[in-house]
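Student: Could you look at this predicted model? Sequence included:
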Amino acid sequence: MRLRLVRTASGERSVAVWQRATWVPLTEVDPTGRLGAAAHDVMAFLAGGRQVRDLAREVLDGSDTASLGPVDPERGLPFRPSSFRDCSLWEQHQVAAARGLLHMNGGTASRAVTLYERLRQQPFPRLRPRPLWYEQPLYYKGASAAWLADGDTARWPYYTQAPDYELEIALVISRAATDLTAADAPAVIGGFVLVNDLSARDVQWREMVEGRMGPAKSKDFGTAVGPVVVTADELLSQLDDLHVEVRVNDEIAATGSTRGMRHSVADVVAYASAGEPVQAGDLIGLGTVPGCSALESGHWISPGDEIALGAGPLGVLRTRIGRPDPWPSPGPVTRPRWSVVSRSGEEPDPATVRPERWRPPAAPTLTGAFTPNEVLDTVERLEVPGGVKPEDVVLDEQGRLYSGVEDGRIYRWSHPGTDVGPELFADTHGRPLGLELDPRDGSLLVCDGYRGLLRVTDAGDVVVLADSYRGRRLRCPNNAAVAAGGTVYFSDSSTRFRIEHYKHDLLEHRPNGRIFAYRPGADELTLIADGLYFPNGVALTPDDSALLVVETGTYTLSRIELTGTSAGRRQTLAANLPGLPDNLSAVGDDTYWIALPSLRIPALDRMMPLPLVRSLTARLPARLQPVPPRYGLVLQVDGTGRVLRSLHGPTGRYAEITGVREHDGWLYLGSLLESAAARVRLPQHACGPKPGVGERSRD
C-alpha cells in the first residue's frame, strides 16, 4: 500500500492510502475508529503489519470514496525517523563515486587513472571496493537532527563548495529487534521511502581520503525524506527492478535502475541488528542508485536549484538548494575553491588553447608621463585576516573600505588606516573580482568570477542578479560600473576560460570577451560589445553616455558609446599601454585610474607571434610559465586617453596591483598577490613630466 499524510477538508490530519488514482484519508472512511492510531500515524500503521493493512482494505472496500471531499498534502515528514544508517549496495556506484572524487581532486593520480581506463577499457583496480564490502553490507551512521521534508530548502553549509544530491531508497524498521537472522529480518521491515542523502563532495574527499575517517560533516548537514511510504509487501517484489530519475529544475539530470544490489535487504537488516537493537522508525538507506548523483552524472547544482527525485510508487521527493552560508569568522578558510566542480549548466574549461597569431607593438619606454618614481613603495598595508589576493577595492560614502579575497569572503574596514582591523562583511562562496556601489541605495555590487553579477545587502546577504546569457553560464564576470539609474555595465572577460585559467585566455589571444548591461527588472542581459581581447576594467563617463574599457590582451584603452545614433561605436583611446591593464575606476571629473599588475612581460610579447610556442607554454606548470617581476604601477588618464601621470613601486613592496580607487586624497589598492589591501597618499602634483598636448600612452 502507498501511504502519506494529508489534511482533510475539516483540517484533520490523516493517513491516506492511494486508491483509484487519488489519496483516500482513512479517518474519513473509518468513522468508528476501528483503525485506531493507524488512521493518524504512519508508524502506527506500519507497526500494525498485515493486520492493519487488511483492516484498512476492509474499510476502504466498504466506503463510498467517490463522495469524499478534497484533501491537501500534509507538510512535513511522513514520520520522524529515529536514526539513519546508510549502506552502499551497488558496486557500479562505488566505482563511479571513487573515480569522481579522484577527478575532483585532480593531479597526477587522476590523469594516470584516466589513461589506464582508456587503454584497458575497464575500471582501475583500486577504484573497486575493498574485499570486506563484498562480504558484508557496510554502512555509516548519519545525523538524526537534520531531517528535511518534501519541499524543504536544504542548507548549503559554509564549509563546502560542492554539495551533491544522492537518490536512495531506504527501508523503514517497524518494530524493535536485535540479533536478527536474514530469515527473520523481513518481519521488521515496515516499508520503504525515497531519500536524498545530501553530500558535500569536497569535504568527503578530505574526511575519507586525507583523514581516513568519516563521513561526518560531508553527510550530516541534511537528509531529505520523501512524502510517500510504500509498505514492504508491495515494494519488495519490485525492488530489484525499479527505474528512477533525478530532475534538476525540471531537466533530467540522471537516470538509473536498482538492478544489481550486492546484498539483500534481509542481509542489511540482519547485519544492522547484530549486537545492537534496531528500533521502530529507524531508516536504513540502501545506497545511491548508480548514476544518480552529480559526482557520477556531472550535473552539479547551484543555489536556488530544485532537485526532484522520482522512483515509481515511491513518488517524488523535492528539495530546494539554499544560498551558501557565509564563512562565520575571519582567519584561514579550509574549503576548496568554488571551481572544484562545474556548476549547474556550466561547461568545463577547454583542455587546450587555440592560439591566434598576433604581433604586439614594442613596449613604450618609461619616459615622460611614464617616468618611474617610488610613490607606491611607501604604501600602508591593510592586512586581511586569513585572506589573500584582495582583487579590487571600493569605498562607500561613509569612507568604509571593501575588498574581496580569493576564498570568496568580502571584508570591510570601517576606519581604514587605523588600528581597527576589518570585519568579515559577506561571503560569496566564489571569487569576488570587481566591486562597485549602487548609487541608489549604497548596496555592494560584485562581479564574481564563478557566480556572476551579485548584490550584497548591508546585512551581508548575497543575491545573484545575473549569471547567464541566452541560457549559457557567464564564464568570467570581472569588473563593473554603475550608472545613476542603476544599470550595471560589466565585463565577461572570456567565453572559454574561467578566472583560474585566465592565463590560457591571454595565451590564446582570441576575441573571447564581452561587455554586458544589467538593467534592473529586465529578463535578459543586454550585450553591449563582443569580440574583445580579455576585457577587464570598465568605467562610465560622468554623464553615463559612454563606457571606457581596458583590454588586458591587447594593452589598450577604448571608449564605447552608449547613447544616440553612435551607440555601440568603439574608439581606441590608448593603443600601447606599458603594462597589462586590469581594473579601471572613475574619479568623477572625467579622469580615470588604471591598475596594471605588471609591466609588459618581454617573454610573453616575444611568444605572441608564435602560436605553437604559446600552445606548449599553456601546458606547462605555472612555475615554468612567464612570471612578471614584482612591481607596482597605476596610471591616471583623462577621457581622451591622455596619460596624466603614473605612480610606480620599483621595489615591489606592494606588487601586482589589480584594483585602484581614489578617495579623500588617498589611493586605495588591491592586489592579485598580496595578503593585504593598501593605501597611499596621493601626491599633489603629477610625478614625472606632464605630457604635452596630444601625447598619448601609445607613443
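Tutor: Yes, it's here. Numbers count the residues shown, from 1 in each chain.

Student: Please name the nearest non-neighbouring residue to His429.
Tutor: Residue nearest to His429 in three dimensions, not counting chain neighbours: Pro324, with 3.9 Å by CB to CB, 6 or more residues apart in numbering. Quick note: C-beta positions are derived from backbone N, CA and C, even for glycine.

Student: Next one: that neighbour from Gly639, what distance?
Tutor: Look at Pro324 and Gly639: by CB to CB, to the nearest Å, they are 40 Å apart.

Student: next one: Tyr116
Tutor: Separation of Tyr116 from Gly639 (CB to CB) stands at 59 Å.

Student: Same question for Ser344.
Tutor: 41 Å.

Student: Among those two, which residue is more densely surrounded?
Tutor: Ser344 (20 against 17; other CB atoms under 10 Å).

Student: That one should be in a strand, yeah?
Tutor: No - according to DSSP: H, G, I helix; E, B strand; the rest coil, Ser344 belongs to no strand; its state is coil.

Student: Excluding chain neighbours, what is closest to it?
Tutor: Ser302 is the one closest to Ser344 (CB to CB, 6+ apart), at 4.2 Å.

Student: Now do the SS call for that neighbour.
Tutor: coil.

Student: State the phi and psi torsions of it.
Tutor: phi -130, psi 160 (degrees, to the nearest 10).

Student: all strands for the stretch 201-350 of the chain, in order.
Tutor: 223-231, 243-248, 251-257, 282-293, 306-310, 316-324 (DSSP state E, counting those that start in this stretch).

Student: ok, now how distant is Ala56 from Thr65?
Tutor: Distance check for Ala56 against Thr65: by CB to CB, it reads 12 Å.

Student: what do you get for Asp54?
Tutor: In terms of CB to CB, Asp54 sits 18 Å off from Thr65.

Student: before we move on, what about Pro129?
Tutor: The gap separating Pro129 from Thr65 is 48 Å, by CB to CB.

Student: Neighbour count: Asp54 and Thr65, which is higher?
Tutor: Thr65 (15 against 10).

Student: and the closest residue to that one other than its chain neighbours, what element?
Tutor: Once flanking residues are discounted, Thr65 sits nearest to Val24: 5.0 Å by CB to CB, 6+ apart. In this assignment (DSSP states H and E), Val24 forms part of strand 22-25.

Student: Packing partners of that strand?
Tutor: Contacts defined by 3 or more CB pairs under 8 Å, 6 or more residues apart in numbering; DSSP states H and E place strand 22-25 against strand 2-7, strand 13-19.

Student: And for Val113, the neighbour number?
Tutor: With other CB under 10 Å as criterion, Val113 counts 18.

Student: Let me know the secondary structure of it.
Tutor: Recorded secondary structure, Val113: helix (three-state DSSP).

Student: shouldn't Tyr668 be in contact with Ile657?
Tutor: No - assessed by CB atoms under 8 Å, Tyr668 is found out of contact with Ile657, at 10.6 Å.

Student: Which single helix of this structure contains the most residues?
Tutor: For the chain, the longest helix by residue count, based on DSSP state H, is helix 91-105.

Student: contact partners of that one?
Tutor: By CB atoms under 8 Å, 6 or more residues apart in numbering, the residues outside helix 91-105 that reach it are 88, 109-110, 113-114, 123-124, 127-129, 133, 162, 201-202, 204-205, 209, 260, 262, 287-291, 293, 295-296, 340-341.

Student: How about stretch 373-380?
Tutor: For stretch 373-380, using CB under 8 Å, 6+ apart, the contacting residues are 417, 632-634, 646-651, 653-654, 657, 669, 678-681, 683, 687-688.

Student: wait, what's in contact with Asp467?
Tutor: Ser302, Arg451, Gly452, Leu453, Arg473, Leu474.

Student: swap that for Gly260, sorry
Tutor: Applying CB under 8 Å, 6+ apart, the residues contacting Gly260 are Trp90, Glu91, Gln92, Pro290.

Student: how about a cut-off of 10 Å?
Tutor: Gly260 makes contacts with Leu89, Trp90, Glu91, Gln92, His93, Asp240, Asp241, Pro290, as judged by CB atoms under 10 Å, 6 or more residues apart in numbering.

Student: again, but for Leu596
Tutor: Contact partners of Leu596, counting by CB under 10 Å, 6+ apart, are 550, 552, 555, 577-583, 628, 631-635, 646, 656-658, 660.

Student: Of these, keep whichever come out buried.
Tutor: 550, 552, 555, 577-583, 628, 631-635, 646, 656-658, 660 (16 or more other CB atoms under 10 Å).

Student: sorry, back to before: overlap in contacts of Tyr668 and Ile657?
Tutor: Common neighbours of Tyr668 and Ile657, using CB under 10 Å, 6+ apart, are Val379, Ala678.

Student: So for Glu117, what's the nearest residue that isn't a sequence neighbour?
Tutor: The shortest distance from Glu117 to any residue other than its chain neighbours is 5.8 Å, reached at Phe124 (CB to CB, 6+ apart).

Student: Right, I'll call it a day here.
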